[in-house]
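J.: this one's structure only:
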């Protein structure tokens with residue numbers, strides 16, 4: 001059940017994006033309205049969800065950080081065509097702000113889909129930051145890289 005709910009929430013779900021907008025708007029602490037100062041980050045399925053949120057809510061999310069994004073989704077076994085978000089981005093051509101994509105060289109299932117997504121995003125993003133790191137699909141790799149990624153995108157100290 002938990003895995004199914006996680007998959008439903010993090011695989012291109014407009015309801016999740018609506019919930020995020022609502023949470024931001026009702027935050028008890030001041031939050032900027034400026035999408036250029038609002039970044040959404042995720043890894044694995046969360047990376048897919050982060051870029052999807054930026055695509056459908058560019059007025060809220062001007063930047064996304066997608067670490068080891070599961071851009072293969074959905075897989076062929078689901079009965080759907082793989083790499084759905086890449087296809088949608090190519091077809092819809094959304095105007096994107098800053099996008100960071102990264103994938104580990106040990107993530108052999110992800111490298112092809114992330115590279116194809118990078119190629120689809122490149123002409124649409126104001127800024128594209130792409131990297132392949134020496135590592136795999138695990139939190140220590142993402143945590144170690146995140147401060148530098150945030151600085152490169154202008155969301156941290158210089």
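T.: Alright, I've got the coordinates. Since this is a predicted model, take the numbers as computed values, not measurements. Numbering: from 1, shown residues only.

J.: And the pLDDT at the residue located most distally from the centre of the chain?
T.: For the chain, the largest distance from the centre (Cα atoms, centre = their mean) belongs to residue 28, which lies 25.7 Å off. Looking at residue 28, its pLDDT reads 93.

J.: do the same with residue 76
T.: What the model reports as pLDDT for residue 76 is 69.

J.: can you check residue 48 too?
T.: For residue 48, the pLDDT comes out at 96.

J.: I figured it was touching residue 66, is that so?
T.: Yes: at 7.3 Å, residue 48 counts as touching residue 66 under the criterion of Cβ atoms under 8 Å. Yep, even glycine has a C-beta here, placed from its N, CA and C like the rest.

J.: So these two - more neighbours on which side?
T.: residue 66 (29 against 25; other Cβ atoms under 10 Å).

J.: which residues in this protein form helices?
T.: For the chain, the helices defined by DSSP state H occupy 2-10, 14-25, 45-56, 84-92, 108-121, 139-152.
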